[in-house]
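[1] Got a sequence here, can you build the structure:
(2 chains)
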Amino acid sequence: MSLKIIVLAKQVPDTRNVGKDAMKEDGTINRAALPAIFNPEDLNALEQALRLKDAYPGTTVTLLTMGPGRAAEIIREGLYRGADNGYLLTDRAFAGADTLATSYALATAIRKIGDYDIIIGGRQAIDGDTAQVGPQVAEKLGLTQITYAEEILNVDEKSRRITVKRHIDGGVETVEGPLPIVITVNGSAAPCRPRNAKLVMKYKRALGAQEKAPAPACHPEGVAALAYPELYEKRPYLNIPEWSVADVNGDLEQCGLSGSPTKVKAIQNIVFQAKESKTLTGSDKDVEDLIVELLANHTIG
Amino acid sequence: MANYYTDIPELKYHLNNPMMERICELKERNYRDKEEFDYAPQDYADTLDSFDKVLEITGEITGEIIAPNAEGVDEEGPHCANGRVEYASGTKQNLDAMVKAGLNGMTMPRRFGGLNFPITPYTMCAEIVSAADAGFGNIWSLQDCIETLYEFGNEDQHSRFIPRICAGATMSMDLTEPDAGSDLQSVMLKATFDEKENCWRLNGVKRFITNGDADLHLVLARSEEGTKDGRGLSMFIYDKEEGGVDVRRIENKLGIHGSPTCELVYKNAKAELCGNRKLGLIKYVMALMNGARLGIAAQSVGLSQAAYNEGLAYAKERKQFGKAIIEFPAVYDMLSIMKAKLDAGRALLYQTSRYVDIYKALDDIARERKLTPEERQEQKKYEKLADAFTPLAKGMNSEYANQNAYDCIQIHGGSGFMLEYACQRIYRDARITSIYEGTTQLQTVAAIRYVTNGSYLATIRDFEAIPCSPEMEPLKARLVEMANKLGACMNIVKEAQNQELLDFVARRLMEMAADCIMAHLLIQDATRAPEMFAKSAVVYLNYVEAEVEKHSSFIHSFNADELVNYRQ
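    Below is the predicted model:
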């Protein structure tokens, strides 16, 4: 049996390592100050897809991401680990999307890809923490969904059903669903495998159209001239396909800002002003006092 | 550390050494693989870029998987059950990650599934891995036994075995026995030819075999009945899939707990000959050991780096008498000398690996076509340099690793003696480096001929002719004086015509030569990258100048008649 798997992945600012310039004056994220990374739970999802590829030869893994030109990096990271190809949804009209417009765009692109058995992504992205996009994609495509997956246990060819262990409060449960299906993967699933040396050497020059442009807008610090331009004709797999709204037959109204009913009511910019520090010894009393204090001001508990 | 490669910029500096251009051109045969293999490089710049990216993968796996596992592996260790070795759980994860990342069979040609990397970037990976877990360094680095099989095995053996190593099969070199440690000539494991099955059979016991339950073994055995010396020994390939070799026990060791050291029992184990009979020890094991010595030198540099990192971090953080202890001269003296030894030792390691790379690449080209007279000359030159430098790289770096680990604990004070800090593991792990693959005393035996025949001194004089920055000129002038002292000591010992005296002072002579060589290499590095190496060059020169003077003074005032007071 061979499966056709689409992995949904997002490039996110690394909100886990926030420095002092992480937020702008107006309270929005300062993307320039935070490194752009592969959303952690999407990497867990990619690993589940690659394990299915290992288990069922002939399986293909396709990455789908939406973002600016530099988000082609997500496709490369997937290729370095064993994915077969990928698409970058990129268009000014996609910008400013909330979860509704994002899931609309992704669902439209998935329809364009057409042939799929499993659509898998991370539970949520660390920049928004909504966990809505996966489920909304499933709804838009009219597919069954399994969320909070920790491990795909089995895919039965005959019945075309998949068995998944999922994380629930206080434990795990094993559930079954029909293919095609949407699965979102929890961070407690197996970590993603490392990049593979040969694949890195093979795909390291794979670029999206925007990245290939001289002095690309998405890499202002990038070099003016493309290295080894002849390779892109000889090796078609080095060209990462970019899709615009028109390419996926999308409705402009439902994309980006215009397709996003979510409105931000207010942004509060909270800056920790306190400078004093507290030194604790290892004594039981100090530790106990700290616990009491943290409980009292609702930091924990 | 997050990434054990990118966090240590000295590695990339050595990767970009100007000699690499020649190495890559030879190893890649002018980049002919690019049409046939999608992962082959286009040109020199592309090759370096690939090395850089693969080293980054190694650094990331080391930082994210191997380092966090190291403490658990040290505690859990491998186990022996039913004649097989079960690695510690962390070791299994480490190995799995390295194999999945495609980092095995790194130096093998692409037609066998390898990456066709030179020894230098491979050695860097070995150093990186060992900085986090020296024991795992052994398991992973033993893949370089495949070099020997590639050099001396036949085409059929290449096609059957090399792809398996590239896919992650592990290796061991089964040399030592209960009564044959340093003295491998007395190996007794018996190899007999089985006429009926048309194969060799191995019977006997091997001891202290690192990673002894590996998938593929290179075995030194006595194929010539009735012989007693090295000329009766041949090298065999044993494939675990054939069965016949069991692990009797795993040694309980002071350090490198993750690396299983095995006692092996061969019971009529089926094996095949590698290369020609009788050349096992005198040719193949010598090649094998040279590769392994470079590996231990890399492991030692990794440990030195780890010791320096731990010592530095603790000294910055620990406050006594109202300030961080790193501000006290007694402490920064230790740290600066650790760093200088680390930088000097690493410079020697990669100088050696580059020499090895050039002559091995030319050796390999010679299997395809006749070398031109110039190439033959180049091959000879670098082979000689590699042979002379290898015992220095192994001997000095393993001693430095021990010294740095000792100082690392010293910086930690009482806390360093407690088991919860990493420095105690580094200290225990470092201890073996100056013992296995030939003790420092045996590295001296290998090196001393290059002292007495003037090779080292000639190399040092060549180094003196290399231009350096104006800042380094005064250091170089002092180095000329140091080399003069080496020359004078050499003459004293040679003129005495006393073998016992020569053996007695050999270690001192070897260290004098090594000190001068490493100081020169650091001056060259400080000329190219002063921001990285200038401090170490000064610190190291001050250190070795006193060392050379110490040895020189000893040799000058020593009278061979005094040996009677030393004999026990």
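
[2] Helix or strand: which one has the nearest residue to B:Asp407 once chain neighbours are set aside?
    Of all residues not flanking B:Asp407 in the chain, B:Met334 sits nearest, at 4.7 Å (C-beta to C-beta, 6 or more residues apart in numbering or on different chains). C-beta here means a position set from N, CA and C on the backbone, and glycine is covered the same way. Assessed by DSSP states H and E, B:Met334 sits inside helix B:329-366.

[3] which parts of the helix or strand following that helix are buried?
    Sequence order places helix B:373-412 as the next helix or strand after helix B:329-366, per DSSP H and E. By 16 or more other C-beta atoms under 10 Å in any protein chain shown, the buried positions in helix B:373-412 come out as B:378-379, B:382-383, B:385-409, B:411-412.

[4] what does stretch B:477-486 give?
    Neighbour counts over stretch B:477-486 (16+ other C-beta under 10 Å) mark B:Leu479, B:Met482, B:Ala483, B:Lys485, B:Leu486 as buried.

[5] Return the subset of those residues lying in helices.
    B:Leu479, B:Met482, B:Ala483, B:Lys485, B:Leu486 (DSSP state H).

[6] Is it correct that the second one is in contact with B:Ala513?
    It refers to B:Met482. No: with contact defined as C-beta atoms under 8 Å, B:Met482 does not reach B:Ala513; the gap is 10.1 Å.

[7] can you tell me which residues contact the closest residue to chain B within the stretch 201-301 of chain A?
    Minimum separation of the stretch 201-301 of chain A from chain B (C-beta to the nearest C-beta) falls at A:Met201, amounting to 3.8 Å. The contact partners of A:Met201, by C-beta atoms under 8 Å, 6 or more residues apart in numbering or on different chains, come to B:Tyr39, B:Ala40, B:Pro41, B:Ser50, B:Lys53, B:Val54, B:Leu115.

[8] now do B:Gly114
    If you count contacts by C-beta under 8 Å, 6+ apart, B:Gly114 has them with B:Gly105, B:Met106, B:Thr107, B:Met108, B:Ile162, B:Cys166.

[9] which pair in the residues you listed spans the largest distance?
    Pairwise distances across those (C-beta to C-beta) peak at 11.8 Å, for the pair B:Met106 and B:Ile162.

[10] The contacts of B:Gly114 also near chain A: which ones?
    Taking C-beta under 8 Å from any C-beta of the partner chain, the overlap between these and the neighbourhood of chain A is B:Met106.

[11] Pick out whichever of the contacts of B:Gly114 sits closest to B:Gln351.
    Nearest to B:Gln351 among the contacts of B:Gly114, with distances taken as C-beta to C-beta, is B:Thr107, at 18.4 Å.

[12] Burial check on that closest one, number of neighbours?
    Neighbours of B:Thr107 under the rule other C-beta atoms under 10 Å in any protein chain shown: 23.

[13] just checking: which of the buried residues of stretch B:477-486 also lie near chain A?
    Counting by C-beta under 8 Å from any C-beta, no member of the buried residues of stretch B:477-486 reaches chain A.

[14] Rebuild those as JSON lines, extending it with pLDDT.
    Below are these laid out as JSON lines (pLDDT from 0 to 100):
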{"residue": "B:Leu479", "pLDDT": "98"}
{"residue": "B:Met482", "pLDDT": "98"}
{"residue": "B:Ala483", "pLDDT": "98"}
{"residue": "B:Lys485", "pLDDT": "98"}
{"residue": "B:Leu486", "pLDDT": "98"}
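
[15] Save these as TSV, and put in distance to B:Glu500 too.
    Output for those, formatted as TSV (distance: C-beta to C-beta, whole Å):
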residue	distance to B:Glu500
B:Leu479	31
B:Met482	26
B:Ala483	26
B:Lys485	23
B:Leu486	21
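
[16] what's the closest of these to B:Gly63?
    The nearest member of those to B:Gly63, counting by C-beta to C-beta, is B:Leu479 at 37.0 Å.

[17] ok, that closest one - contacts?
    B:Leu479 is in contact with B:Ile460, B:Glu464, B:Cys516, B:Ala519, B:His520, B:Ile523, B:Leu541, counting by C-beta under 8 Å, 6+ apart.

[18] quick check, the fifth one in a helix?
    Yep, that's B:His520 we're talking about. Yes: assessed by DSSP: H, G, I helix; E, B strand; the rest coil, B:His520 belongs to a helix.

[19] Disregarding residues adjacent in the polypeptide, which is nearest to it?
    Among residues not flanking B:His520 along the chain, B:Phe463 sits closest, at 3.9 Å (C-beta to C-beta, 6+ apart).

[20] so how far is B:Tyr31 from B:Lys12?
    Per C-beta to C-beta, to the nearest Å, B:Lys12 is found 22 Å from B:Tyr31.

[21] Correction: the previous question concerned B:Thr261.
    42 Å.

[22] Counting neighbours, go ahead and name the busier of those two.
    Neighbour tally, B:Thr261 and B:Tyr31, criterion other C-beta under 10 Å: the higher count belongs to B:Thr261, 22 against 17.

[23] Could you list everything that one pairs with in the sheet?
    Bridge pairing for B:Thr261 (DSSP bridges) gives the partners B:Thr210.

[24] My read is that it contacts B:Thr210, right?
    Yes: using C-beta under 8 Å, B:Thr261 is in contact with B:Thr210, at 5.8 Å.

[25] Return the residues of the stretch 101-250 of chain B in contact with chain A.
    B:Ala101, B:Gly102, B:Leu103, B:Met106, B:Leu115.

[26] Quick check: of those, which lies closest to B:Leu216?
    B:Met106 (16.0 Å).

[27] ok, that closest one - contacts?
    Per C-beta under 8 Å, 6+ apart, neighbours of B:Met106: A:Ala197, B:Gly114, B:Leu115, B:Phe117, B:Pro121, B:Tyr122, B:Cys125, B:Gln143.

[28] closest to B:Val493 among these?
    B:Tyr122 (37.5 Å).

[29] got a pLDDT number for that closest one?
    With respect to pLDDT, B:Tyr122 has a value of 98.

[30] That one: which element?
    According to DSSP H and E, B:Tyr122 maps onto helix B:119-132.

[31] now do A:Ala149
    Going by DSSP H and E, A:Ala149 is in strand A:144-156.

[32] Direction included, what does that strand pair up with?
    Strand A:144-156 pairs in its sheet with strand A:161-168 (antiparallel), strand A:181-185 (parallel), by DSSP bridges.

[33] Check these for me and report the most buried one.
    Mean neighbour count (mean count of other C-beta atoms under 10 Å in any protein chain shown) peaks for strand A:181-185 among those, with a mean of 27.

[34] that older thread, closest to A:Gln48 among the ones in helices among the buried residues of stretch B:477-486?
    Closest to A:Gln48 out of those is B:Leu479 (59.3 Å), distances taken as C-beta to C-beta.

[35] and B:Phe417, what is it in contact with?
    So B:Phe417 contacts B:Ile409, B:Gln424 (C-beta under 8 Å, 6+ apart).

[36] ok, now A:Leu50?
    Residues in contact with A:Leu50 (C-beta under 8 Å, 6+ apart) are A:Val61, A:Arg81, A:Gly82, A:Ala83, A:Cys192, A:Arg193.

[37] What helix or strand is the last one located in?
    I take that to be A:Arg193. Per DSSP H and E, there is no helix or strand for A:Arg193.
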